[in-house]
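Student: sequence and computational prediction follow.
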Amino acid sequence: MYVSYIPQIVDNLSGHAGDPIQPFVAMLNCILWTIHGLFGTDGHTRDMPIVIANVPGILFGFAAFITAII
């Protein structure tokens, strides 16, 4: 899903900046899910598939957000 940010990043870098709000909110969502995956609801249980699935969202969301605002 987050690989779909690659065309937006390319467009942002070529001068056709997109909306930065959606990738920023997606990045925040992925950060929160990653925290949940690392610490769980009890503070100790890890759920690594959640972490692995959301780390690309943090990276691509951050890249799309930064390239949209510069």
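Tutor: Done, it's in. Numbers count the residues shown, from 1 in each chain.
Student: which phi and psi does D42 have?
Tutor: Main-chain torsions, D42, degrees, to the nearest 10: phi -100, psi 0.
Student: which pLDDT value belongs to it?
Tutor: D42 is assigned 91 on the pLDDT scale.
Student: burial measure for it, as a count.
Tutor: Neighbours of D42 under the rule other Cβ atoms under 10 Å: 6. For the C-beta atoms, the positions are set from N, CA and C on the backbone; glycine is no exception.
Student: who touches it in this structure?
Tutor: With Cβ atoms under 8 Å, 6 or more residues apart in numbering as the criterion, no residue contacts D42.
Student: same check, this time on V25
Tutor: Taking Cβ under 8 Å, 6+ apart as the contact definition, V25 lies against nothing.
Student: so how far is L59 from it?
Tutor: Going from V25 to L59 by Cβ to Cβ, to the nearest Å gives 15 Å.
Student: which SSE is the nearest residue to D47 once chain neighbours are set aside in?
Tutor: Leaving aside its chain neighbours, D47 sits nearest to G37 (4.6 Å; criterion: Cβ to Cβ, 6 or more residues apart in numbering). Using DSSP states H and E, G37 sits within helix 21-39.
Student: now do the helix or strand following that helix: distance to the chain's middle.
Tutor: Sequence-wise, the next helix or strand downstream of helix 21-39 (DSSP H and E) is helix 48-69. Relative to its chain's centre, helix 48-69 lies at 2 Å (Cα atoms, centre = their mean, to the nearest Å).
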